[in-house]
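Visitor: Quick one: sequence plus predicted model below, questions after.
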Amino acid sequence: MTLPVSLFVPHGSPTFALQPGAAGAAIVAAARALPVPRAIVIVSAHWDTAIPTVGLAARPETIHDFSGFPEELYALRYPASGCPEAAQEVVAAITAAGLPVQTDAQRGLDHGAWVPLRMMFPDADVPVIPLSIQSRAGTQQAYRLGQALAPLATNGLFVISSGNLTHNLTDYMTASRNGGQTPEYVRRFSAWMAERLAQNDLPALLDYRRQAPDAVQAHPTDEHLLPLYVTMGAAGPNAQAKRFHAGIDHYVISMDAYAFSAAN
């Protein structure tokens with residue numbers, strides 16, 4: 001498999017920042033294997049807008065967009081710089097693809113962005129450009145947004161998206177009350193996704209809510225899976241997917257991670 005041009009990484013619970021475990025080790029190893037990019041385009045499930053929006057901040061703040069967690073989490077910072085010049089290239093690429101786009105001069109990095117990036121690039125020496133998802137627009141739009149980003153690889157920009165392959169917090173609460181058993185659908189859904197990604201079965205993947213087993217239970221709402229489609233699209237047509245980590249945290253959150261390479 002050739003060098004990846006995009007990654008889909010998990011961010012799990014905010015406590016992933018304090019207890020990275022096997023998933024953390026896997027994404028750290030994946031980052032170390034990459035050439036140092038000029039800038040990272042980070043697509044987080046936690047920045048959701050009606051129109052694709054690109055962050056232009058020269059110094060994006062660390063956003064602690066959660067509550068009720070250990071105090072030490074709120075002390076963590078990720079002081080990466082932005083890159084307004086490269087961000088404008090992202091804007092131009094999205095415009096060239098015929099998609100609407102907006103900019104946000106103030107947007108910082110939510111925990112879906114800074115938690116994995118802080119592990120993968122701990123020196124915060126690679127500029128970061130946040131890009132939003134559109135949770136109500138579905139998989140086709142997310143894949144198309146990723147396709148718009150594909151030409152940026154030649155300019156040294158690397159796309160990383162952050163979500164989770166399964167994400168049902170109601171089921172987490174139920175499992176935590178009932179002895180911590182992982183529902184079978186978590187493994188079943190992850191296995192279906194792994195098989196379809198390995199086969200590059202794009203029609204089935206785009207139609208996952210009808211075709212995948214337990215899709216609606218795995219994702220009552222789309223937002224934590226849509227970043228995967230952005231990453232896939234960013235690798236270009238017939239992209240090759242490699243799962244480089246598989247695991248489950250907090251009973252119901254799949255921590256699977258994927259690298260996407262351009263077709264040979």
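Guide: Everything's here; your move.
Visitor: Let me know the next secondary structure element after the helix or strand harbouring residue 117.
Guide: When secondary structure is defined by DSSP states H and E, residue 117 falls within helix 111-120. Downstream of helix 111-120, the first helix or strand assigned by DSSP H and E is strand 128-133.
Visitor: Does that next one pack against any helices or strands, and if so which?
Guide: When contacts are defined as 3 or more Cβ pairs under 8 Å, 6 or more residues apart in numbering; DSSP states H and E, strand 128-133 sits against strand 39-48, strand 53-55, helix 84-96, helix 111-120, helix 138-149, helix 226-234. All C-beta spots, glycine's among them, are computed from the backbone N, C-alpha and C.
Visitor: Would you tell me which one of these is buried the most?
Guide: Each of the helices and strands packed on strand 128-133 was assessed for mean neighbour count using mean count of other Cβ atoms under 10 Å. The highest is helix 226-234, with a mean of 29.
Visitor: Now residue 28: closest residue in space that isn't a chain neighbour?
Guide: Spatial nearest neighbour of residue 28, excluding adjacent residues (Cβ to Cβ, 6 or more residues apart in numbering): residue 119 at 5.4 Å.
Visitor: Might you report the residue contacts of the one you found?
Guide: 17, 20, 24, 27, 28, 31 (Cβ atoms under 8 Å, 6 or more residues apart in numbering).
Visitor: between the residues you listed, which has the most around it?
Guide: By neighbour count, taken as other Cβ atoms under 10 Å, the most surrounded of the contacts of residue 119 turns out to be residue 27 (25 neighbours).
Visitor: Poorly predicted segments of the chain, please.
Guide: Along the chain, segments meeting pLDDT under 70 span 1.
Visitor: switch the cut-off to 90
Guide: Scanning the chain for pLDDT under 90 picks out the ranges 1-3, 172-181, 238, 262-264.
Visitor: what's across from the spatially most central residue of it in the sheet?
Guide: In the chain, the centroid-proximal residue (Cα atoms, centre = their mean) is residue 162; its distance is 1.9 Å. According to DSSP bridges, the residues that bridge with residue 162 are residue 9, residue 44.
Visitor: Over to residue 79. Which of the three states is it?
Guide: Under the three-state scheme (DSSP: H, G, I helix; E, B strand; the rest coil), the conformation of residue 79 reads as coil.
Visitor: what's near enough to touch it?
Guide: Residue 79 makes contact with 59, 62, 124 under the criterion Cβ under 8 Å, 6+ apart.
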